[in-house]
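[1] I need the structure of the sequence given here:
(2 chains)
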Protein chains: 2
Amino acid sequence: MQTALDCYPCFLRQALSAARRAHADPAVQHRVLVATMARLSRSDSATTPIELAADIHRLVREHTGHPDPYLAAKEDATRQALALYPRLEALITNAADPLQAAVRVAIAGNIIDFGVAEHYDLEATLERIMQQPFAIDGIEPLRQALQQAKVVLYLADNTGETVFDRVLIETLGIPVTYVVKGAPVLNDATRTDALAAAIDQIAAIVDNGSDAPGTLLEACSEDFRRRFAAADLILAKGQGNYESLSQVQAPVFFLLQAKCSVIADDLGVPVGSIVCRPPDAGSLTDARPVSGEAS
Amino acid sequence: MQTALDCYPCFLRQALSAARRAHADPAVQHRVLVATMARLSRSDSATTPIELAADIHRLVREHTGHPDPYLAAKEDATRQALALYPRLEALITNAADPLQAAVRVAIAGNIIDFGVAEHYDLEATLERIMQQPFAIDGIEPLRQALQQAKVVLYLADNTGETVFDRVLIETLGIPVTYVVKGAPVLNDATRTDALAAAIDQIAAIVDNGSDAPGTLLEACSEDFRRRFAAADLILAKGQGNYESLSQVQAPVFFLLQAKCSVIADDLGVPVGSIVCRPPDAGSLTDARPVSGEAS
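    Predicted coordinates for the structure are as follows:
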């Protein structure tokens, strides 16, 4: 996806919020904004939003000296999500269609996104999303793809959302490799954050070697790129993964809430929509080498 | 008021919106954003938000070649407000306290503000604000000040809001001089916009000689500054006038909705509050020369 001009004010808001979360004083906050504007002014129409976001959050970490400005927010989000876990499990147990219910749960968790807003109501979102019609409904293609695939490469998004992912992983019925970021950026999940959600009990955890808040293949490790190229089924959570992979030819299902107008317009859906977007027909029927192992 | 760092993303959003309203193509929109970021990067803690806003909207007009990007939005707003006018008049006629009701009407009109948001619901706002408790209630001091004053200097804010102002002016019971901007900026009312609301039928219209979206005294005409200094009662509408005059010693009542967190925090009220803030006691009891004429 290309960077929309509407992303510029949003990046500035995000940089300021990150600097404040890093306890920067007002002078440092000001320097972060000036550095962010300089970076934005140097970008051109070929710069993608995830490249910009990666650079801007790197700037924030450099200027504030804080390696993980969202640490406290991430720990809170995991705590809050773990408290909901028994209820999430019950939703699947009682569902007529457990796969669809689990996809909805995983999408509900995608509200925990400090890139888009400062606050969220997890329980109200869960209630809404268990009922809301899909704006793009790829549940049946996903069901079929799961019958063909041996392993799922699951690209994680945010911390706390990890707990909601766990519910979906437990429902998929095949081995899962759970991919986290290589280093902290925004509230994206790292290995530490995935462990806090006990993902290691149900999936192999690997990191992608990158600190971009999405999946910039060229910035990822060789190991991750090999896994990505070999995957016969990929689930990619959230806006960041959509922004960075929507034009990559691969067997990717995008599971997300369209929380901002730029993403919603790109997907052709209203803001607030829930989306399970299947890959192009060709991407799934490719005869790809299957690794046959989950890690 | 000082510029908050939170204003930076807001200025960028505003510049982009203004450029689009001026029908700028994406390349020009991008140039407007880059120029806006350069201006913001040059500002320091002494630069006030209204100085910045004035410069940024000037940049938009220069880059787009459009002298009044909000022209269509302003014409729409006046049309919509005029259609409501009979209902606004009836609200005052049927009110137990016509002055309080008219102040509420004038504050309700302050929702027509394209600096803060792209959309508003005029009728829902009116309904809410006729009932909502004041967060700062200066109605009684205003009632007393009106008994002492010979003329009101009424600093207008936005176009369309002008029609709501008309209802208050008709209720004040003393001559009013209605002050508009010297040139178009944002959706602020100019003389043309005030005439479209028929303000000339009930008040003398003067302009302040400035294109700032507030009242920067140093940028205003000599004539306006003389009126301001001589006034024994000033009503100032909206956030822009508050931002630029909140620290000026003068007999000013600020009538506004606190629509953004920066203004709300400065006033010490929640976002969404309605405010009729009286001047410091000293400012009203000053023995000032009274011009005794409305124009």
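[2] what's the longest helix along chain A packed up against?
    As assigned by DSSP state H, the longest helix anywhere in chain A is helix A:71-93. Contacting helix A:71-93 under the criterion 3 or more C-beta pairs under 8 Å, 6 or more residues apart in numbering or on different chains; DSSP states H and E are the following elements: helix A:98-109, helix A:122-131, helix A:161-172, helix A:191-196. (Glycine included, C-beta is placed from N, CA and C.)
[3] tell me which of those lies nearest to residue B:254.
    helix A:122-131 (35.8 Å; C-beta to C-beta).
[4] the very next helix or strand once past the closest one pairs with which strands, parallel or anti?
    Where DSSP states H and E defines the elements, the next helix or strand beyond helix A:122-131 is strand A:136-137. When pairing is defined by DSSP bridges, strand A:136-137 lines up against strand A:274-277 (parallel).
[5] can you list contacts of the partner strand?
    Strand A:274-277 is contacted by residues A:103-104, A:107, A:129, A:132, A:134-139, A:142, A:242, A:253-258, A:267, A:269 when judged by C-beta atoms under 8 Å, 6 or more residues apart in numbering or on different chains.
[6] for the longest helix of chain A, buried residues please.
    For helix A:71-93, the neighbour count (16 or more other C-beta atoms under 10 Å in any protein chain shown) marks A:71, A:73, A:74, A:77, A:78, A:81, A:82, A:84, A:88, A:89, A:91, A:92 as buried.
[7] cool, and stretch A:138-148?
    Quick answer for stretch A:138-148 (16+ other C-beta under 10 Å): A:138, A:139, A:141, A:142, A:145, A:146.
[8] if we can go back for a sec, how far off centre is the longest helix of chain A?
    16 Å (C-alpha atoms, centre = their mean, to the nearest Å).
[9] what angle separates it from helix A:122-131?
    40 degrees (axes from the mean of the first three to the mean of the last three C-alpha atoms, to 10 degrees).
[10] let me know the angle separating helix A:71-93 from helix A:161-172.
    Going by the same axes, to 10 degrees, helix A:71-93 makes 30 degrees with helix A:161-172.
[11] quick one: average confidence on helix A:71-93?
    Mean pLDDT, computed over helix A:71-93, is 97.
[12] contacts for it next, please.
    Contacts for helix A:71-93 (C-beta under 8 Å, 6+ apart): A:21, A:68, A:98, A:101-102, A:105, A:109, A:112, A:114, A:122-123, A:126, A:130, A:158-164, A:166-167, A:170-171, A:184, A:187, A:189, A:193, A:196-197.
[13] and the buried ones among those, selectable in ChimeraX?
    In ChimeraX syntax, the buried subset of the contacts of helix A:71-93 is picked out as below (16+ other C-beta under 10 Å):
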select /A:21,68,98,101,102,105,109,112,114,122,126,158,159,160,161,162,163,164,166,167,170,171,184,187,189,193,196,197
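[14] give me the subset of the contacts of helix A:71-93 touching chain B.
    For chain B, no contacts are drawn from those by C-beta under 8 Å from any C-beta of the partner chain.
[15] any stretches of the stretch 101-250 of chain A with poor pLDDT?
    Within the stretch 101-250 of chain A, not a single segment meets pLDDT under 70.
[16] which helix or strand contains residue A:8?
    In this assignment (DSSP H and E), residue A:8 forms part of helix A:7-21.
[17] what helices or strands is that helix leaning on?
    Contacting helix A:7-21 under the criterion 3+ C-beta pairs under 8 Å, 6+ apart are the following elements: helix A:26-42, helix A:49-64, helix B:7-21.
[18] winner for burial among those helices?
    Each of the helices and strands packed on helix A:7-21 was scored by mean neighbour count; the highest is helix B:7-21, a mean of 23, by mean count of other C-beta atoms under 10 Å in any protein chain shown.
[19] and the angle from that one to helix B:26-42?
    Using the same axes, to 10 degrees, the direction of helix B:7-21 lies 150 degrees away from that of helix B:26-42.
[20] how about residues contacting helix B:7-21?
    A:5-6, A:8-10, A:12-13, A:16, A:33, A:37, B:28-29, B:32-33, B:36-37, B:40, B:49, B:52-53, B:56-57, B:59-60, B:63-64, B:69-70, B:72-73, B:114-115, B:118, B:186, B:260, B:262.
[21] rounded mean pLDDT for that helix, please.
    When pLDDT is averaged over helix B:7-21, the result is 97.
[22] my read: residue A:227 touches residue A:153, true?
    Yes. Counting by C-beta atoms under 8 Å, residue A:153 is a contact partner of residue A:227 at 6.0 Å.
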